[in-house]
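A.B. asks: Below: sequence and its predicted model.
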Amino acid sequence: MQKSDLLKNLQEIVGNERISTSTAELYCYSCDASQIRGMPDFVLRPASTEQVSKIVRLANENEIPVTPRGAGTGLAGGAVPVEGGIVLDMSSMNRIMEMDLDNLQVTIEPGIVQEKLNEALEPYGFFFPPDPGSSAMCTLGGLIANNGSGMRSVKYGTTRNYVLGLEIVLADGTVINTGSKTSKSVAGYSLTDLFVGSEGTLGVITKATLKVRALPKERSVLLASFDNPELAGKAVVKVLSSGIVPSACEILDRNIIEAINTYDPHVGLPKAGAIIMFEVDGTENSVREGIEMIKDVCSSLATSIRAASDKTERDEIWAARRLVGAAVSRLDPLRTRVYVGEDIGVPLKELPGMLHKVGEISKEFNLPIMTYGHIGDGNLHTGMCIDVLDETDWDKLNKAADKIHRTAISIGGTVTAEHGVGSARAEYMGLELGKGLDVMILIKNALDPKGILNPGKMGV
Ligand SMILES: Cc1cc2nc3c(=O)[nH]c(=O)nc-3n(C[C@H](O)[C@H](O)[C@H](O)COP(=O)(O)OP(=O)(O)OC[C@H]3O[C@@H](n4cnc5c(N)ncnc54)[C@H](O)[C@@H]3O)c2cc1C
């Protein structure tokens, strides 16, 4: 079909106001928060499942790539149309369709921003636990498609643990429903799990039923300082293996502490080789007990331990943690943060060794690395900043990231614990998954034989 005829057909489906074709508008959809780029031919903002189904069917008949997009905060190029075609901007489908709180669940459209759901739940005493650093921007569709998580996953798990059912538009336009409204069901293959984390390569999420939880009554935070990241890693292993379940367990290394203190001198994080922020939530008694136990377990490894005395201090500590994204370029104002090699996950007992290795890689390539992240899940964000105009810097960055990825895989870890594969990490899928990648390709070919859904992603 000619491009002009295709445009006419698409206009008939969504109307003129829901379609963009100008270079300026297309350009806005040519990137996400990663370094991956790709220009779409059309951007569509569907308003209903029916429109999504018609668009995808038309695209399939004409073998045109379709890339679903939430808010474009992804860090792996997942929402970037690397082979052109249609970008499906799902952010207009953003309603909370049902608050079924007696059943501890809500049904939503995928375009709602994560934080908006929690704002709607809070007055009723509930929350949706997965909380990425991007919660004020990212959509629940993007979070489900990436199986994202965040600071609370050490206790509450990842997005996958909260998806009861999905409405999905398949590559040929067929609409299916997976899962059920019950918290347990073993009827058939777990199709819900197949689509969670499939990054838009198997279907478009048009509706989701999600579990919610009652808000904890109390929470408290403890800040433990260590001489170096390895000791911090050892303390985390000790805390988790002693049966304590913190509701957050975050690491900041020396470089990122310095960057945050430079960005906002009022924060005054302790100067240390690394700090761990532990949070415990629950009832008043269980929180007090948890904080005391963590203090005890860490005391032989930490140089200092400080518990927040009240809510104000606790909020200040978390506010400091949330400054990471903004502060990260302050270590050297001439360099820019580039999201490459930034999301490894390793088995818990490998944490001290991996943290040591990151230090060695930093020295080897003469590239400062700022390590922070959800260490309680074994998830480390190894942030690197470079002079983006200097090709030698890019070369060093790519080599350092490659070494970080390969080291993580060699010790039983992963190249991405939460940010997703996208295009950025597709080359490592064979190495990490082995023959499992062949099975993924079989599934992809069965569900999307023409390969129209988000091509160029996940190695499939
Ligand atoms: C400052 C910052 C902090 C971050 N912190 C975290 C963090 O702590 N934890 C974390 O997990 N991530 C984090 N991220 C990464 C990112 O925010 C998440 O991956 C988020 O889930 C992406 O949501 P989005 O709506 O922006 O999706 P997009 O970037 O638009 O898309 C992400 C993927 O989902 C697919 N997709 C989107 N909507 C649909 C749909 N309806 N149906 C099918 N596929 C779809 C896209 O095709 C793409 O593959 C962070 C990003 C930034 C910029």
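C.D. replies: That came through, no problem. Numbering: from 1, shown residues only.
A.B. asks: avg pLDDT for stretch 216-223?
C.D. replies: If you average the pLDDT over stretch 216-223, you get 96.
A.B. asks: again with stretch 359-367
C.D. replies: The pLDDT scores in stretch 359-367 average 96.
A.B. asks: Kindly report the same for stretch 245-259.
C.D. replies: For stretch 245-259, the per-residue pLDDT averages 96.
A.B. asks: buried residues in that stretch?
C.D. replies: For stretch 245-259, a neighbour-count test (16 or more other Cβ atoms under 10 Å) marks 245-259 as buried. All C-beta spots, glycine's among them, are computed from the backbone N, C-alpha and C.
A.B. asks: check which helix or strand covers Val421.
C.D. replies: Assigned by DSSP states H and E, Val421 falls within no helix or strand.
A.B. asks: nearest spatial neighbour of it, skipping sequence neighbours?
C.D. replies: In this structure, Val421 finds its nearest non-sequential neighbour in Met458, 4.6 Å apart by Cβ to Cβ, 6 or more residues apart in numbering.
A.B. asks: rewinding a little: taking the buried residues of stretch 245-259, tell me the two that lie furthest apart.
C.D. replies: The largest separation in the buried residues of stretch 245-259, counting by Cβ to Cβ, is between Val245 and Glu258 at 30.9 Å.
A.B. asks: count of neighbours near Glu12?
C.D. replies: 10 (other Cβ atoms under 10 Å).
A.B. asks: Which secondary structure state does it sit in?
C.D. replies: The assignment at Glu12 comes out as helix when based on DSSP: H, G, I helix; E, B strand; the rest coil.
A.B. asks: Can you classify Asp281 as helix, strand or coil?
C.D. replies: Per three-state DSSP, the local secondary structure of Asp281 is strand.
A.B. asks: sorry, back to before: wait, the residue nearest to Val421 sits on Gly197?
C.D. replies: No - Met458 lies out of contact with Gly197 (Cβ atoms under 8 Å); the separation is 9.5 Å.
A.B. asks: If you count surrounding residues, which of these two has more?
C.D. replies: Taking other Cβ under 10 Å, Met458 and Gly197 do not tie; Met458 has more neighbours (24 against 20).
A.B. asks: In a helix, the more buried one, correct?
C.D. replies: No - under three-state DSSP, Met458 sits outside any helix and is assigned coil.
A.B. asks: what's it sitting at in phi/psi?
C.D. replies: phi 60, psi 10 (degrees, to the nearest 10).
A.B. asks: Next up, the contacts around it.
C.D. replies: Met458 sits next to Ser198, Glu199, Thr201, Val421, Gly422, Ala426, Met429, Met440 when contact means Cβ atoms under 8 Å, 6 or more residues apart in numbering.
A.B. asks: in the lengthiest helix in the chain, what's buried?
C.D. replies: Using DSSP state H to define each element, the chain has its longest helix at helix 391-410. If you call a residue buried by 16+ other Cβ under 10 Å, then helix 391-410 has these buried ones: Asp393, Trp394, Lys396, Leu397, Ala400, Ala401, Lys403, Ile404, His405, Thr407, Ala408, Ile409.
A.B. asks: So which of the buried residues of stretch 245-259 sit within helices?
C.D. replies: Mapping the buried residues of stretch 245-259 onto helices (DSSP H) picks out Arg254, Asn255, Ile256, Ile257, Glu258, Ala259.
A.B. asks: For the nearest residue to the second one once chain neighbours are set aside, give the beta-bridge partners.
C.D. replies: Translated: Asn255. Residue nearest to Asn255 in three dimensions, not counting chain neighbours: Met370, with 4.3 Å by Cβ to Cβ, 6+ apart. Beta bridges link Met370 to Gly383 when assigned by DSSP bridges.
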